[in-house]
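*Asks:* sharing a sequence plus its predicted fold:
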Amino acid sequence: MKAMRLESIGNLFVREVDKPVPGPGDLLVRVEVCGICGTDRHLLHGEFPSTPPVTLGHEFSGIIEAMGADVQGFKLGARITGDPNISCGRCPQCQAGRINLCRNLKAIGISRDGGFADYVIVPQKQAFEIPLSLDPRFGAFCEPLACCLHGIDMAEIKAGSSVVVLGGGVIGLLTVQLARLAGATTVILSTRQEAKRKLAERLGATGSVDPSAGDIIAQITGPDGLVPGGVDVVIECAGVAETVEQSTRLAKAGGTVVILSVMAQGDKVSIEPFDILFRELRVLGSFINPHTHRRAADLVASGRIDVEALISREISLDEAPEVIRHPPAPGEVKVLVVAGKG
Ligand code: NAP
Ligand code: ZN
């Protein structure tokens with residue numbers, strides 16, 4: 001079968017490999033779709049730890065073609081989405097239920113072979129069934145949506161809350177939609193590209209601002225701003241110093257800031273601790289998808305989240321290394337590797 005292998009840092013190729021054989025408790029899944037994520041670019045350049053040689057791809061779904069011994073609750077021919085993050089279940093964090101903070105965390109498509117391939121092995125506890133009637137491409141959105149859901153849960157958005165989302169990539173655009181579903185009545189997206197601001201407003205944002213056109217703090221929190229005094233919740237999804245610094249200034253007193261984006265280890269930002277103290281801000285980090293994959297899969301299946309609008313391009317596996325080697329094109333939100341393309 002074909003697989004896209006990270007042979008070593010900087011070396012990414014599609015080549016023939018042996019079709020894997022499911023061990024006990026494993027599903028052999030014929031991949032229908034696998035999304036390209038910014039993390040794949042970080043993995044290629046060694047900016048995020050991985051264990052090459054390895055097949056990349058952690059946003060996948062497909063059809064169960066075979067099962068190892070001891071698999072229960074799955075049928076051949078069913079469609080599943082994979083939760084790539086495998087916790088050990090035994091370490092103190094796992095025992096406390098914080099499986100995303102597992103000391104021995106492994107991930108499909110990072111530390112073991114993933115979904116940029118014709119087939120992927122998925123341990124049964126990582127597999128979540130989704131309907132065969134669903135557009136197969138939509139399965140690729142369960143994993144990023146599960147990460148956003150964790151952030152939304154941490155933010156404790158209530159009916160009537162006001163929210164600012166910083167950064168209009170796929171994570172920001174999914175978060176805008178989840179914030180509305182969670183009951184926020186004001187959801188403002190800040191992102192530089194006009195096409196993404198327009199898209200966000202189509203997807204439910206009540207307003208948007210362009211951070212390259214002026215000070216968004218005044219535009220949002222000022223006396224004549226969109227939400228004078230600041231918002232209940234800020235969700236940072238851009239991953240640049242500027243937006244992290246904006247996040248604490250946009251929240252109103254008693255408000256919540258959730259950092260969803262990944263900044264490089266060692267990067268620093270400038271925040272006034274006095275501001276956090278004096279205005280009693282809750283500043284939280286939200287890492288991956290603990291216990292949220294099932295809900296994300298159900299949300300995608302329900303059609304309540306528009307994922308179709310986020311698909312910029314569909315490509316073949318052979319085209320994928322070139323796409324991952326380059327930064328996203330202007331306006332591009334999500335690129336999917338779809339089986340049978342090209
Ligand atoms: P992305 O496509 O790179 O999106 C980030 C967006 O931020 C860009 O599209 C850019 O859009 C916008 N941006 C850049 N500078 C900005 C600024 N100064 N002000 C406002 N917006 C700005 O990435 P993504 O896939 O959506 O992911 C977002 C972040 O979440 C990444 O850091 C990713 O690593 C992280 N992530 C975290 C988790 C988790 O578990 N917490 C899971 C998945 C991803 P414009 O060009 O329009 O400004
Ligand atoms: Zn653990």
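*Replies:* Structure received. Everything numeric in this text was worked out from a predicted model, so none of it was measured. Numbers count the residues shown, from 1 in each chain. Ligands and ions are numbered 1, 2, ... in the order given.

*Asks:* for the rest of this, base every contact and every neighbour count on C-alpha atoms.
*Replies:* Will do.

*Asks:* residues of the stretch 201-342 of the chain that sit close to ligand 1?
*Replies:* Proximity of the stretch 201-342 of the chain to ligand 1 is assessed by CA under 6 Å from any ligand atom, with 211, 237-240, 242-243, 260-262, 286-288 identified as the residues in range.

*Asks:* just the buried residues of those.
*Replies:* Buried members of these, scored by 16 or more other CA atoms under 10 Å, are 211, 237-240, 243, 260-262, 286-288.

*Asks:* can you give me the domain assignment for the protein?
*Replies:* Domain assignment of the chain by automatic domain parsing yields the ranges 2-133+307-338, 148-285.

*Asks:* count the neighbours of Ala117 for me.
*Replies:* Close neighbours of Ala117, defined as other CA atoms under 10 Å, add up to 29.

*Asks:* which SS class is the nearest residue to Pro53 once chain neighbours are set aside?
*Replies:* Of all residues beyond its chain neighbours, the one nearest Pro53 is Glu7 (4.3 Å), with distances taken as CA to CA, 6 or more residues apart in numbering. Reduced to three states with DSSP: H, G, I helix; E, B strand; the rest coil, the structure at Glu7 is strand.

*Asks:* state the distance from Glu7 to Gly254.
*Replies:* Note on Glu7: its distance to Gly254, by CA to CA, to the nearest Å, is 48 Å.

*Asks:* show me which of the residues of the stretch 201-342 of the chain next to ligand 1 has the smallest pLDDT value.
*Replies:* pLDDT across these is lowest for Val262, at 91.

*Asks:* so which strand or helix has that one?
*Replies:* With the criterion set as DSSP states H and E, no secondary-structure element contains Val262; it sits in neither a helix nor a strand.

*Asks:* ok and the residue in the stretch 201-342 of the chain nearest ligand 2?
*Replies:* Here the residue of the stretch 201-342 of the chain nearest ligand 2 is Pro290; by CA to the ion that distance is 11.9 Å.

*Asks:* so which strand or helix has the closest residue to ligand 1 within the stretch 1-150 of the chain?
*Replies:* Closest contact between the stretch 1-150 of the chain and ligand 1, by CA to the nearest ligand atom, is at Cys147 (4.8 Å). Assessed by DSSP H and E, Cys147 sits inside helix 142-155.

*Asks:* which SSE is immediately downstream of that helix?
*Replies:* Counting by DSSP H and E, the element after helix 142-155 in chain order, helix or strand, is strand 162-166.

*Asks:* quick one: residues in contact with that next one.
*Replies:* Residues from elsewhere that reach strand 162-166, judged by CA atoms under 8 Å, 6 or more residues apart in numbering: 172, 175-176, 179, 184-191, 227, 231-238, 243, 247, 250.

*Asks:* parallel or antiparallel, which strands does it pair with?
*Replies:* Strand 162-166 sits in its sheet next to strand 186-190 (parallel), strand 231-236 (parallel), going by DSSP bridges.

*Asks:* which one of those is the most hemmed in?
*Replies:* Per-residue neighbour counts averaged over each of the strands paired with strand 162-166 give the maximum for strand 231-236, namely a mean of 29 (mean count of other CA atoms under 10 Å).

*Asks:* can you name the residues bridging to the residue lying closest to Ala117 once chain neighbours are set aside?
*Replies:* The spatial neighbour of Ala117 that comes closest, neighbours along the chain excluded (CA to CA, 6+ apart), is Ala3 at 4.0 Å. In this structure, Ala3 bridges to Arg15, Ala117 when assessed by DSSP bridges.

*Asks:* in the stretch 1-150 of the chain, which spans are strands?
*Replies:* For the stretch 1-150 of the chain, strands defined by DSSP state E, counting those that start in this stretch occupy the ranges 2-8, 11-16, 26-36, 54-55, 60-67, 79-82, 85-86, 106-107, 119-123, 127-130.
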